[in-house]
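> here is a sequence together with a model predicted from it:
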Amino acid sequence: MSVLDPERLLAAAQLGLAMFGMGAVLTLREFVVVFRAPRALAIGLAIQLALIPCLAWGLGRALAIPAGVAAGLVLLAAVPGGTLSNVFTYLLGGNVALSISLTGVTTVGALVTTPAVLDLLLEPGIGDGASVAVGHVTRDIVYALLLPLAAGMVTGARFEAYRETIARWAVRGSLVCILGLAVLGGSEGKLDPRAYGVWGIGAVALFAVAAQGAAALTTRAGGLPRGDVLAIATEATIRNSNLALLVQTSVFPAGAGGAIADGMFFVALLYGGVALPVACLPLAWDRLSVRTRR
């Protein structure tokens, strides 16, 4: 795999900038909640590490979708929740401290869990000539995810008055990289919706809805309060698509994988746009309920 592969460079830069920006506004105090609310955290971790991967694998088996799309769903389930889940949890009135803790713990744990889930669920179905490069995936998580997060936290602590400004510019830089990935993928024909059919695209949206619904039902059955339910369901819905794009280039070296690799790239890039409106569904439901009661 060439380190000069433009897709790989853009994905690494995008993820690194996003994690640096998140780190700039985080402090160690945010993670104290891990020990203060172990029950909600444990349920959230079980959903992230077991329920969501099983759901992705099941949808890939049950639906008549291209193999690359099915592999892409497993890839999304293998990565941790995305950093935007914290913002959406705040907007929805959920438990922000729990959301941040889930993001932090699953992000650090991705060093082990992402390669493990991929090795367990993805490798048997991705076709000949491809395998999960556990060492490469682990290296990507360390260099493009954990180190930028730690660097952002150190920078935010050093320049406390500029935390928000640092985070804002880092996020803007990451958005530029996403645009670059979309342009590059479109120019190479990897983002052609016609290649995957209605079911292929619908499966991505269905996974987002199913992830949110399954997490909400599980947490409600566990007796968690509304704020915790919203935090965990949002975390399950918004995946770290940035990391998924980077990992995809580790699973398949540049030019390898053919339709499978292209399908995984398509799903990882499309999901970011699909998950955000799905994450807003609880807010829309709350407003509709208020109007109905009136």
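Arrived safely, thanks for sending. Residues are numbered from 1 along each chain as shown.

> please identify which helix or strand holds Thr98.
Careful, residue 98 is Leu and not Thr. Using DSSP states H and E, Leu98 sits in helix 96-117.

> if you count contacts, what does that helix end up packed against?
helix 33-36, helix 38-46, helix 67-78, helix 84-92, helix 134-141, helix 226-237, helix 241-251 (3 or more CB pairs under 8 Å, 6 or more residues apart in numbering; DSSP states H and E). Every residue, glycine included, has its C-beta placed from N, CA and C.

> at 6 Å what do you get?
Applying 3 or more CB pairs under 6 Å, 6 or more residues apart in numbering; DSSP states H and E, we find helix 96-117 packed against helix 33-36, helix 84-92, helix 134-141, helix 226-237.

> out of these, flag the one nearest Ala24.
helix 84-92 (13.1 Å; CB to CB).

> helices or strands up against the closest one?
helix 96-117, helix 226-237.

> can you tell me which of these has the worst average pLDDT?
Among the helices and strands packed on helix 84-92, helix 96-117 carries the lowest mean pLDDT, at a mean of 82.

> now that one: buried residues?
Applying a neighbour-count criterion of 16 or more other CB atoms under 10 Å, one finds 96-110, 113-117 buried in helix 96-117.

> next one: the helix holding Leu98 to chain centre, how far?
Its chain's C-alpha centre and that of helix 96-117 lie 10 Å apart, by CA atoms, centre = their mean, to the nearest Å.

> for it, C-alpha coordinates in PDB please.
Output of helix 96-117 as PDB, limited to C-alpha atoms (Å, rounded to 0.1, in the frame of the first residue of the first chain):
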ATOM      1  CA  VAL A  96     -23.700  15.000  27.100                       C
ATOM      2  CA  ALA A  97     -21.200  13.700  29.700                       C
ATOM      3  CA  LEU A  98     -22.200  10.100  29.000                       C
ATOM      4  CA  SER A  99     -22.000  10.800  25.200                       C
ATOM      5  CA  ILE A 100     -18.500  12.200  25.500                       C
ATOM      6  CA  SER A 101     -17.400   9.300  27.700                       C
ATOM      7  CA  LEU A 102     -18.800   6.700  25.200                       C
ATOM      8  CA  THR A 103     -17.000   8.500  22.400                       C
ATOM      9  CA  GLY A 104     -13.700   8.600  24.300                       C
ATOM     10  CA  VAL A 105     -13.800   5.000  25.600                       C
ATOM     11  CA  THR A 106     -14.800   3.500  22.200                       C
ATOM     12  CA  THR A 107     -12.300   5.700  20.400                       C
ATOM     13  CA  VAL A 108      -9.400   4.400  22.600                       C
ATOM     14  CA  GLY A 109     -10.800   0.900  22.600                       C
ATOM     15  CA  ALA A 110     -11.000   0.900  18.800                       C
ATOM     16  CA  LEU A 111      -7.300   0.100  18.900                       C
ATOM     17  CA  VAL A 112      -8.500  -3.500  19.800                       C
ATOM     18  CA  THR A 113     -12.100  -3.600  18.900                       C
ATOM     19  CA  THR A 114     -12.100  -2.400  15.300                       C
ATOM     20  CA  PRO A 115      -9.600  -5.000  14.000                       C
ATOM     21  CA  ALA A 116     -11.300  -7.700  16.000                       C
ATOM     22  CA  VAL A 117     -14.800  -7.000  14.600                       C
END
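
> got the angle for that helix vs helix 67-78?
Inter-element angle recorded for helix 96-117 and helix 67-78: 130 degrees (by axes from the mean of the first three to the mean of the last three CA atoms, to 10 degrees).

> what angle separates helix 96-117 from helix 226-237?
30 degrees.

> give me every residue that touches Leu76.
By CB atoms under 6 Å, 6 or more residues apart in numbering, the residues touching Leu76 are 239, 244, 271.

> switch the cut-off to 8 Å
56, 207, 239, 241, 244, 267-268, 271 (CB atoms under 8 Å, 6 or more residues apart in numbering).
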